[in-house]
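**Q** Compute the structure for the input listed below.
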Amino acid sequence: MRPIIGITTYVLPATWGVWQDLPSALVPHDYVEAVRLAGGRAVLLPPDDLDADVLDRVDGLLLSGGPDLEPSLYRQESGAYTVTDPERDTGELVLLRAALDRDLPVLGVCRGMQLLTVAAGGSLHQHLPDVVGHEKHRPAPGVYGEQSAAFTPGSRINDLMGEDVTINCFHHQGVADAGSLTVTGRAADGLPEAVEDPGRRFVLGVQWHPEVSRDRRLFGALVAAAS
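**A** Numbers count the residues shown, from 1 in each chain. Next comes the predicted model:
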């Protein structure tokens, strides 16, 4: 049986066929296809803060991208450009903390890396242009910024990425303090692009979107760890 990878989802109004703006649990299909191509079986996990019992049925957890985290989670007040989904925050933190307790393999993508950071006691920059002085991390609506990252020799992400260090990012927030996690990748402006927990079997966060390119290096590593 293929390893089962649980993917956290959005709840948003969606329109298809005769249905208009129907509240729906969804995630971009890129995540599902990236898991499938890497040899895993994707299962979608809508926000639910009652318990983390579903982790008894999955082999790995993929924290997908999405809206900003509630700043009170990292001891800040909400900034002018911060847009949150507190229900999703609560449900995903229940899952993540339980997954860490179980030493379940976890891959965090974009928002998922930021969630890993906050769970590790870290904090975020709420609007990167105010910090780094440019828009390269989110050039325009629906447009990914292409950059190169530098990775720490000997780190998991360095071994996975090899010589191809191109990343495609779309985010206006970023990691300020990684808490108990180790920063193992940075953009040219110094912003953390990868975090890891070397003390666990597989805990990796990346600030970019490897699902868009179906990056088998990262998703393959998650599936292998979940096997």
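
**Q** neighbours around Glu135, how many?
**A** Counted with other C-beta atoms under 10 Å, residues neighbouring Glu135 total 13. For the C-beta atoms, the positions are set from N, CA and C on the backbone; glycine is no exception.

**Q** Quick check: nearest residue in space to it, chain neighbours excluded?
**A** Pro129 (5.7 Å; C-beta to C-beta, 6 or more residues apart in numbering).

**Q** looking at this structure, which helix or strand does the model trust least?
**A** Lowest mean confidence among the helices and strands of the chain (mean pLDDT, DSSP states H and E): helix 129-132, at a mean of 90.

**Q** contacting residues around that helix?
**A** Residues outside helix 129-132 that contact it (C-beta atoms under 8 Å, 6 or more residues apart in numbering): His125, Glu135, His172, Gly174, Asp189, Gly190, Leu191.

**Q** Give me the buried subset of those.
**A** For the contacts of helix 129-132, a neighbour count by 16 or more other C-beta atoms under 10 Å gives the buried set as His125, His172, Gly174, Leu191.

**Q** Among those, which are located in strands?
**A** Using DSSP state E, the members of the buried ones among the contacts of helix 129-132 that fall within strands are His125, Gly174.

**Q** next SSE after the least confident helix or strand of the chain?
**A** strand 145-151 (DSSP states H and E).

**Q** Please identify the pairing partners of that next one and their relative orientation?
**A** strand 166-169 (antiparallel), strand 182-187 (antiparallel) (DSSP bridges).

**Q** next structured bit after the longest helix anywhere in the chain?
**A** Longest helix of the chain, by residue count under DSSP state H: helix 86-102. Per DSSP H and E, helix 86-102 leads on to strand 106-109 as the next helix or strand towards the C-terminus.

**Q** Put the alpha carbons of the next helix or strand after that next one into PDB.
**A** Following strand 106-109 in sequence order, the next helix or strand is helix 111-119 (DSSP H and E). What follows is helix 111-119, C-alpha atoms only, in PDB (Å, rounded to 0.1, in the frame of the first residue of the first chain):
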ATOM      1  CA  ARG A 111       2.400  28.900   5.200                       C
ATOM      2  CA  GLY A 112       3.200  25.400   6.400                       C
ATOM      3  CA  MET A 113       6.800  26.400   7.000                       C
ATOM      4  CA  GLN A 114       5.500  29.400   9.000                       C
ATOM      5  CA  LEU A 115       3.200  27.200  11.000                       C
ATOM      6  CA  LEU A 116       6.200  25.000  11.900                       C
ATOM      7  CA  THR A 117       8.100  28.100  12.900                       C
ATOM      8  CA  VAL A 118       5.300  29.400  15.200                       C
ATOM      9  CA  ALA A 119       4.800  25.900  16.700                       C
END
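
**Q** relative to strand 182-187, how tilted is helix 111-119?
**A** Relative orientation of helix 111-119 and strand 182-187, computed by axes from the mean of the first three to the mean of the last three C-alpha atoms, to 10 degrees: 140 degrees.

**Q** just to revisit the earlier point, sort the contacts of helix 129-132 by pLDDT and name the bottom one.
**A** For the contacts of helix 129-132, the weakest pLDDT value sits at Glu135, with 88.

**Q** how close does it get to Phe170?
**A** Per C-beta to C-beta, to the nearest Å, Glu135 is found 11 Å from Phe170.

**Q** likewise Asp197?
**A** Relative to Phe170, and taking C-beta to C-beta, Asp197 is found at 24 Å.
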